[in-house]
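Colleague: Predicted model and sequence below, questions to follow.
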Amino acid sequence: HIFANPYEENRPTQGSDDLIYVGPGEWDIENISLESGQSLYISGGAVIHGVVRGNNVEDVKVYGPGIVDGSKEAGWKGKTAMVPIDFRDSKNVTVDGPMFLNSNAWVFNSYQTDKLHINNIKVISCRPNGDGITLQSCTNSLVENSFVRSWDDSLVLKNYGDSTDNMTFRNMTLWTDLAQCMEIGYETNKGNQEVATISNVTFENIYVINALHKP
């Protein structure tokens with residue numbers, strides 16, 4: 001796979017209190033945990049072996065053309081699922097640019113996040129349970145201009161908490177090696193809410209390169 005990005009204007013070269021900077025090189029960073037108001041920049045030529053997380057945060061951004069790689073992790077079965085990027089109970093989250101490779105489980109996960117914007121990410125996941133972008137009980141969010149190649153489901157909506165509402169996937173390219181390309185999962189009320197719904201969902205301008213099972 002070859003991914004071409006536009007030239008980066010005004011890209012950062014060092015970190016600060018509000019910016020975590022990861023420069024070129026191969027880095028074993030077990031856990032990058034973002035706080036409200038912080039950004040993480042993954043530069044071109046940077047490969048992070050670890051995970052990026054945010055819990056109960058607001059106004060955070062992960063960007064840059066670098067790579068988050070899970071190749072060093074053992075298979076998820078009987079082991080810990082190391083989800084490369086995971087936001088929970090958060091608001092105003094932007095992820096723009098990075099590549100996520102070879103996770104041992106789900107690749108991009110978000111739980112009960114409002115106003116999530118995913119743009120121009122690249123996912124290649126070749127292991128069992130390797131769902132591409134899985135959004136659980138999220139609201140008012142947009143996923144666009146991205147590529148997902150997944151062994152398991154590529155784009156997934158589920159309810160493991162509250163209801164899902166106003167979710168859009170657009171201008172996506174998908175390559176699904178085994179499971180579904182676009183799925184509203186059977187876990188529509190895993191949170192056991194009295195009333196749980198999945199509503200106002202749009203899949204728009206989705207280009208499916210390969211689908212072994214059901215698009």
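Modeller: That came through fine.
Colleague: Bridged to the residue nearest in space to the middle of the chain, which residues?
Modeller: With distances taken as Cα atoms, centre = their mean, residue 108 lies nearest the centre of the chain, 2.6 Å away. Beta bridges link residue 108 to residue 85, residue 133, judged by DSSP bridges.
Colleague: who touches it in this structure?
Modeller: Neighbouring residues of residue 108 by Cβ atoms under 8 Å, 6 or more residues apart in numbering: 83, 84, 85, 86, 95, 100, 118, 121, 123, 132, 133, 134. For every residue, glycine as well, the C-beta is placed using N, CA and C.
Colleague: from what I can see the fifth one touches residue 120, true?
Modeller: No. At 9.1 Å, residue 95 and residue 120 do not qualify as touching, with contact defined as Cβ atoms under 8 Å.
Colleague: coming back round to it: where does the residue nearest to the centre of the chain land on pLDDT?
Modeller: Here, the pLDDT recorded for residue 108 equals 97.
Colleague: where does the chain have low pLDDT?
Modeller: Residue ranges of the chain with pLDDT under 70: 78.
Colleague: Does residue 53 lie in a helix or a strand, and which?
Modeller: Per DSSP states H and E, residue 53 falls inside strand 46-55.
Colleague: Centre of the chain to that strand, how far?
Modeller: Relative to its chain's centre, strand 46-55 lies at 11 Å (Cα atoms, centre = their mean, to the nearest Å).
Colleague: Could you say which of the contacts of residue 108 is surrounded by the most neighbours?
Modeller: When neighbours are counted by other Cβ atoms under 10 Å, residue 132 leads the contacts of residue 108 with 31 neighbours.
Colleague: Ramachandran coordinates for residue 138?
Modeller: Dihedral pair for residue 138: phi -100, psi 160, per degrees, to the nearest 10.
Colleague: Just confirm it contacts residue 163, I think it does.
Modeller: No. The criterion here is Cβ under 8 Å, and residue 138 misses it with residue 163 at 9.8 Å.
Colleague: who has more neighbours, those two?
Modeller: In this view residue 138 and residue 163 are compared by other Cβ under 10 Å, and residue 138 has more residues nearby, 27 against 18.
Colleague: quick one: the more buried one from residue 156, how far?
Modeller: Between residue 138 and residue 156 the distance is 11 Å, computed by Cβ to Cβ, to the nearest Å.
Colleague: now swap in residue 19 and tell me
Modeller: 31 Å.
Colleague: Show me which of these two is the more surrounded one.
Modeller: With neighbours defined as other Cβ under 10 Å, residue 19 and residue 156 compare such that residue 156 has more, 24 against 13.
Colleague: quick one, what contacts the more buried one?
Modeller: 131, 132, 133, 134, 135, 180, 183, 184, 185.
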